[in-house]
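1. everything below, folded, please.
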Amino acid sequence: MLGRKTVFLCLMAWVCVLSSCKSETPVSPGSSPAKDVAKKEGPVLAKVGGEIITVDDFESELTSLPEYTQKRMNTTEQKQKHLEKMIDEVLLLQEAEKRKLDQDEEIQAKVDRYRNRLITEKLYREIASERSKVGDEEILAYYQEHKDRFQQKERIRASQILILLPPNAGPEKEAAAKQKAQEALNRVKAGEDFAVLAKEYSEGPAASRGGDLGYFSRGRMVPEFEEIAFSLKDVGDESDLVRTKFGFHIIELTGRQPAQELSLEEVKDRIVRQLESARRREVRQTLAEELREQANVEIQEGYFEEEIPSEG
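-> Model prediction:
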């Protein structure tokens, strides 16, 4: 059986072969007209029964993913996995259509309700945008009125060497972990490169980055770690062993940013998002009432006055 990587490379090779022609493969019974092979154009990435996945389909799918997921799609392996997921989805839909589940009345009713919600939400956005754009004067006024929201607390940047210790570890395991941490600390104090030692010793998720934890403010780390980290005075200072619920830490201070007021440019995008969100909330609260005043709405009040006979 071909390996996953081989299958993916073969699929990619199809693109070169088929990019200059339009598929003439007959449509399999039960396939949706919108997905007919003969009606789709562009380089073909995969064929799944009577349906195809084009390169455009695949790239469009990737761009629709959340931003943090898109950032992970930067390797052949990750893209291959996502293509296989798309293929699985097509196969599942094909099987569902064979069972005529796409014609199920309950499913259709839910699809209609979801469609209506999407359309209504788009209406709110359009109306909010039409009524007033967020201008520079409004952004400045908001910034000046809410400066207390745009204060950046003191932040430090630190690296760590972490020797993990399970919460239920016995005395022997704790002693072994402490000995390993002390060995790393001795080498740190002897002047060896902290990042190199972190890659060698640390068992924390930041080990591959030389223990770098990036910048953080108070309240982000466990108290014992935070107290020692913020007490380090100068960049390059290192702590002794710090015991927390996670194990033994050695901390190196690598940067410090004092508390400061963020500039308008630094927070402008955030302000725009907040103002646009407020616009949508206002429209959401008032639009239906506005439309009701303009429309001819009649309600058969008698329906609610009818008595419902009691049982028994």
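
2. going by C-alpha atoms from here, please, whenever you check contacts or count neighbours.
-> OK.

3. nearest residue to Ser159 other than its sequence neighbours?
-> Take Ser159 and drop its neighbours on the chain: the residue closest to it by C-alpha to C-alpha, 6 or more residues apart in numbering is Asp212, 4.2 Å away.

4. ok, the one you found touching Ala158?
-> Yes - using C-alpha atoms under 8 Å, Asp212 is in contact with Ala158, at 6.2 Å.

5. distance of the residue nearest to Ser159 relative to Ile250?
-> Distance of Asp212 to Ile250, computed by C-alpha to C-alpha, to the nearest Å: 12 Å.

6. kindly report the same for Glu41.
-> Taken as C-alpha to C-alpha, the span from Glu41 to Ile250 is 58 Å.

7. the more surrounded of those two?
-> Ile250 (27 against 16; other C-alpha atoms under 10 Å).

8. show me where the stretch 201-312 of the chain has strands.
-> Using DSSP state E, counting those that start in this stretch, the strands of the stretch 201-312 of the chain run over 212-217, 242-244, 247-257, 260-261.

9. could I get those as a markdown table with mean pLDDT?
-> Formatted as a markdown table, these follow (pLDDT from 0 to 100):
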| stretch | mean pLDDT |
| --- | --- |
| strand 212-217 | 95 |
| strand 242-244 | 97 |
| strand 247-257 | 97 |
| strand 260-261 | 87 |
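
10. Leu185 is nearest to which of those strands?
-> Comparing the strands of the stretch 201-312 of the chain against Leu185 with C-alpha to C-alpha, the closest turns out to be strand 247-257 (6.9 Å).

11. what's the angle from the closest one to strand 212-217?
-> Angle, strand 247-257 to strand 212-217, by axes from the mean of the first three to the mean of the last three C-alpha atoms, to 10 degrees: 60 degrees.

12. element containing Leu91?
-> helix 76-98 (DSSP states H and E).

13. right, and the helix or strand after that helix?
-> helix 105-131.

14. in that next one, what's buried?
-> By 16 or more other C-alpha atoms under 10 Å, the buried positions in helix 105-131 come out as Leu123, Tyr124, Arg125, Ala128.

15. what's the answer for stretch 250-266, then?
-> Ile250, Ile251, Glu252, Leu253, Thr254, Arg256, Leu264.

16. ends of it, what's the gap?
-> Stretch 250-266 has an end-to-end distance of 33 Å (criterion: C-alpha to C-alpha).

17. on the three-state scheme, Lys47 is what?
-> Secondary structure state of Lys47, per DSSP: H, G, I helix; E, B strand; the rest coil, is strand.

18. what's the longest helix along the chain packed up against?
-> Using DSSP state H to define each element, the chain has its longest helix at helix 264-294. Packing partners of helix 264-294 (3 or more C-alpha pairs under 8 Å, 6 or more residues apart in numbering; DSSP states H and E): helix 105-131, helix 136-145.

19. just want the angle from the shortest one to helix 264-294.
-> Inter-element angle recorded for helix 136-145 and helix 264-294: 110 degrees (by the same axes, to 10 degrees).

20. right, and the helix or strand after helix 136-145?
-> Using DSSP H and E, the helix or strand that follows helix 136-145 in sequence is strand 151-152.

21. so how far is that following strand off the chain centroid?
-> What separates the centre of strand 151-152 from the centre of its chain is 25 Å, taken as C-alpha atoms, centre = their mean, to the nearest Å.

22. that strand - contacts with which helices or strands?
-> strand 260-261.

23. show me what the strand it packs on is in contact with.
-> Lys147, Phe150, Gln151, Gln152, Lys153, Glu154 (C-alpha atoms under 8 Å, 6 or more residues apart in numbering).

24. all good on my end, thank you.
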